[in-house]
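Colleague: Predicted model follows, preceded by the sequence.
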Amino acid sequence: MSFSDVFYYAEANIACTAILGVILLKIGRDVDRQTSTIVIRYMIRVMMCYFISDSFWALCVGHVIPVSHQGTYVATIIPYAFLVGCGYCWFYYGETIQQNEFLATRTGIVVSIIPMTIAMLVIIIGSFEGIVFSFDDKGHLQYGPLYLLLLLAPMGYMSYSSVKAFIKAYTQNRYLNHSLYFVIGIFPIIPIVCGVLQAIFLTVPIMCYGATLAVLLVYITSLENLISMDSLTKVNNRLQFQRYITKKMKTPTVGKELFLMIFDVDHFKEINDYNGHVEGDKALIRVATAMKESCKSYRNQTFIARYGGDEFLIVAEMNSIEEAEELAQEICSNVIRVNKEAGVQYNLSVCYGIANYDYSNPVTIPKFLAEADKGLYEMKEKR
């Protein structure tokens with residue numbers, strides 16, 4: 001590397017480190033302390049270490065910082081080690097978002113770190129033996145026979161979680177905003193492509209730009225996901241419902257009818273008054289859980305939202321009113337079952353109303369809601 005190449009390379013890494021530092025600072029100030037948030041903070045820190053160590057590597061191989069032959073090997077090994085760590089952190093983040101219960105166990109963690117451990121050993125031992133990389137007499141980096149195998153570890157981690165996320169993005173019921181799954185799916189594409197280009201053009205700092213762009217995309221999408229999600233029940237909120245129903249009322253799906261279901265928890269005020277608001281929140285979570293379970297067999301046909309208080313909405317595209325009624329009754333049964341399984345001392349049930357949208361005679365969202373409300377109150381009066 002020439003001096004100008006080294007300077008530009010290090011400058012790009014430092015700039016990307018600064019950008020990640022701002023994102024990390026912003027995340028640190030947020031009140032959100034979910035596991036996924038903690039993991040992405042670790043990932044950003046490891047990535048920042050990778051950028052800094054990569055800058056140091058450039059300064060060493062560019063002879064800006066004088067180091068011994070062994071020191072050059074060490075300076076080259078460290079960035080690769082951090083790169084593998086970045087791959088694992090991303091894998092853990094993606095699996096956490098996708099609620100991989102096995103990974104939450106001690107056995108799951110041990111199994112998941114095996115590829116990373118092997119890769120680290122290969123980097124440390126194989127590099128000095130020349131089977132991963134080596135330097136010629138002029139100090140130029142030469143790739144060894146196990147170099148590509150080394151890259152399989154971070155790529156494998158990212159690809160495994162991302163393929164699963166892609167599948168969920170197009171098959172998961174829309175009680176969650178699937179945009180985050182989609183971004184998790186495309187995340188590895190940017191750093192992998194940039195990493196390949198980086199390996200070809202060693203003096204051009206492509207990798208740091210690609211990785212930073214990918215993290216920024218995930219951060220922005222996660223913020224949008226939080227804005228559109230009800231923080232208590234983890235279903236869509238009122239704002240997201242407004243956006244979704246507006247779109248569906250304008251664009252009918254061929255062969256399907258559009259239904260709006262409104263659910264209301266029976267005697268919710270009494271649950272709060274006699275058991276406390278904490279228990280009331282748990283009751284709402286059980287209702288949301290029952291709704292999610294009931295809608296699993298209607299992939300991409302249902303959209304669940306909490307409208308406010310103890311009211312939930314489902315936008316459903318069904319073949320008939322009978323199918324919509326069947327889903328609503330299944331939800332009622334599942335609410336009772338989930339509550340019994342929780343072992344609480346009070347009963348939990350819901351009432352519902354259903355409205356069928358007539359595309360030939362369009363109405364406003366408030367009128368569509370009022371029609372569903374009418375059925376809800378009729379059911380309440382019968383109890």
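Modeller: Received it, and whenever you're ready, just let me know what you need. Numbering: from 1, shown residues only.

Colleague: which residues touch residue 20?
Modeller: Contacts of residue 20 were listed using Cβ atoms under 8 Å, 6 or more residues apart in numbering, and they are 44, 47, 48, 51, 212, 215. In short, each C-beta sits where N, CA and C put it, glycine included.

Colleague: Identify, from the residues you listed, the entry nearest to residue 188.
Modeller: The shortest distance between residue 188 and any of the contacts of residue 20, using Cβ to Cβ, involves residue 215 and amounts to 12.1 Å.

Colleague: Tell me the secondary structure at the closest one.
Modeller: For residue 215, the secondary structure call by DSSP: H, G, I helix; E, B strand; the rest coil comes out as helix.

Colleague: Could you tell me which residues within the helix or strand containing residue 84 count as buried?
Modeller: With elements taken from DSSP states H and E, the one containing residue 84 is helix 69-97. Counting neighbours by 16 or more other Cβ atoms under 10 Å, one finds that the buried residues in helix 69-97 are 72-73, 75-97.

Colleague: Helix or strand next in line after it, which one?
Modeller: The first helix or strand that comes after helix 69-97 along the chain, using DSSP H and E, is helix 106-121.

Colleague: That next one to helix 69-97, inter-axis angle?
Modeller: 150 degrees (axes from the mean of the first three to the mean of the last three Cα atoms, to 10 degrees).

Colleague: immediately after helix 106-121, which helix or strand?
Modeller: Note on helix 106-121: by DSSP H and E, the next helix or strand toward the C-terminus is helix 127-129.

Colleague: packing partners for that following helix?
Modeller: Helix 127-129 sits against helix 69-97, with contacts defined as 3 or more Cβ pairs under 8 Å, 6 or more residues apart in numbering; DSSP states H and E.

Colleague: ok now the helix it packs on, how far from the chain's centre?
Modeller: A distance of 21 Å separates the centroid of the chain from that of helix 69-97, by Cα atoms, centre = their mean, to the nearest Å.

Colleague: all strands of the stretch 101-250 of the chain, in order?
Modeller: With DSSP state E, counting those that start in this stretch, the ranges of strands along the stretch 101-250 of the chain come out as 133-135, 141-143.

Colleague: Mean neighbour count, these: which tops it?
Modeller: Between the strands of the stretch 101-250 of the chain, strand 133-135 has the highest mean count of neighbours, a mean of 17, where neighbours are mean count of other Cβ atoms under 10 Å.

Colleague: In the stretch 51-200 of the chain, where is pLDDT below threshold?
Modeller: Flagging of the stretch 51-200 of the chain using pLDDT under 70 yields the residue ranges 136-141, 169-179, 199.

Colleague: Sorry, wrong one. I was asking about the stretch 251-383 of the chain.
Modeller: Judged by pLDDT under 70, the stretch 251-383 of the chain has its weakly predicted residues at 383.

Colleague: could you redo the last one with a cut-off of 80?
Modeller: In the predicted model of the stretch 251-383 of the chain, residues 299-300, 382-383 satisfy pLDDT under 80.

Colleague: How about residue 156, nearest residue that isn't a chain neighbour?
Modeller: Leaving out its chain neighbours, the residue that sits closest to residue 156 by Cβ to Cβ, 6 or more residues apart in numbering is residue 115, at 6.5 Å.

Colleague: Next one: that neighbour relative to residue 373, how far apart?
Modeller: Residue 115 sits 54 Å away from residue 373 when distances are taken as Cβ to Cβ, to the nearest Å.

Colleague: Settle this for me: the residue nearest to residue 156 is touching residue 154, isn't it.
Modeller: No: assessed by Cβ atoms under 8 Å, residue 115 is found out of contact with residue 154, at 9.3 Å.

Colleague: Neighbour count: these two, which is higher?
Modeller: It is residue 154, of residue 115 and residue 154, that has more neighbours when counted by other Cβ atoms under 10 Å, with 27 against 19.
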